[in-house]
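A.B. asks: show me the folded form of this:
(chains A and B)
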Amino acid sequence: MSEATARKPRPKHLALHEIRLPLPGIVSILHRVSGAGLFLLLPFLLFLFDRSLGSAESFAVYQSVVSNWFIKLVLFGLLWAYLHHFCAGIRFLLLDLHIGGDLEPARKSSKIVLAVSIALTLIIGVMLW
Amino acid sequence: MVKRIVVGAHYGLRDWIGQRASAVYMAIYTVIFAIAALTLPEMSYEAWSGLFSGGLMRFLTFLFFLALFYHAWIGVRDIFMDYIKPTGLRLALHVVVLFLLFGYAGWAAQILWRL
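C.D. replies: Model prediction:
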């Protein structure tokens, strides 16, 4: 196997459309993307938190903001981002502890991360919608 | 094998540990918060603000925010280190993110201690 890979011409640059990312790689890049998205929308989330706790009047403002369907969609996306970051983060912590580092367990756990975070997003999202 | 001269202050171990310690705290807080929030008898201002007005929950929530901002600092810094090659631009972005996060921390304190 090592001979076969050695004879293959090495890629000279990172052609993103030619790279087929394996499942653990997808979990990894989504961990980064979800983290970046959560960071970018922090001021919006803090604004909502601020309005929801300011007073009974500002709480009403908060409720009218989050009842907008587009805002709900954004929050649904952020909920997924948080839950994916959460699940993938636990997976990375376990990998740090040398748990599930072999190829098969690593593939399996990346499937679990993707499935559990989507399932939790649907369950909690529907509860809150 | 990478050859390098091992002298200097540190090689990011503190940030590596800080990122993970803050992650563990946030994960525990998230579970506590989710249970407390989803079992609220009703979604009213009184019930919601009552959740955070207790001394312990306020303290734990503020600690969550500090952990979040520290965690975000390390993560965003890593992203900039990977993708932003011009040193001046990268350092300028680091400063912007730091200022933002310090501002957010003040904002979070104001939200919680106004209750």
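A.B. asks: which SSE is residue 75 in?
C.D. replies: If you meant another chain, say so; for now it's chain A. Assigned by DSSP states H and E, A:Leu75 belongs to helix A:69-96.
A.B. asks: oops, I was thinking of chain B
C.D. replies: helix B:55-83.
A.B. asks: kindly report the same for B:Phe102.
C.D. replies: helix B:87-113.
A.B. asks: avg pLDDT for that helix?
C.D. replies: For helix B:87-113, mean pLDDT rounds to 97.
A.B. asks: show the contacting residues for the residue nearest to A:Val33 when sequence neighbours are not counted.
C.D. replies: The shortest distance from A:Val33 to any non-neighbouring residue, by C-beta to C-beta, 6 or more residues apart in numbering or on different chains, is to A:Ala81 (7.9 Å). For the C-beta atoms, the positions are set from N, CA and C on the backbone; glycine is no exception. Taking C-beta atoms under 8 Å, 6 or more residues apart in numbering or on different chains as the contact definition, A:Ala81 lies against A:Val33, A:Ser34, A:Gly35, A:Gly37, A:Leu38.
A.B. asks: switch the cut-off to 7 Å
C.D. replies: Counting by C-beta atoms under 7 Å, 6 or more residues apart in numbering or on different chains, A:Ala81 touches A:Ser34, A:Gly37, A:Leu38.
A.B. asks: most neighbours, which of those residues?
C.D. replies: Ranked by neighbour count (other C-beta atoms under 10 Å in any protein chain shown), these have A:Ser34 at the top, with 22 neighbours.
A.B. asks: now name the helix or strand holding the closest residue to chain B within chain A.
C.D. replies: In chain A, the residue that lies nearest chain B is A:Phe59 (3.9 Å; C-beta to the nearest C-beta). Following DSSP H and E, one finds A:Phe59 within helix A:56-66.
A.B. asks: worst-scoring helix or strand of chain A, pLDDT-wise?
C.D. replies: Using mean pLDDT, DSSP states H and E, helix A:2-7 stands out as the lowest-scoring helix or strand of chain A, at a mean of 57.
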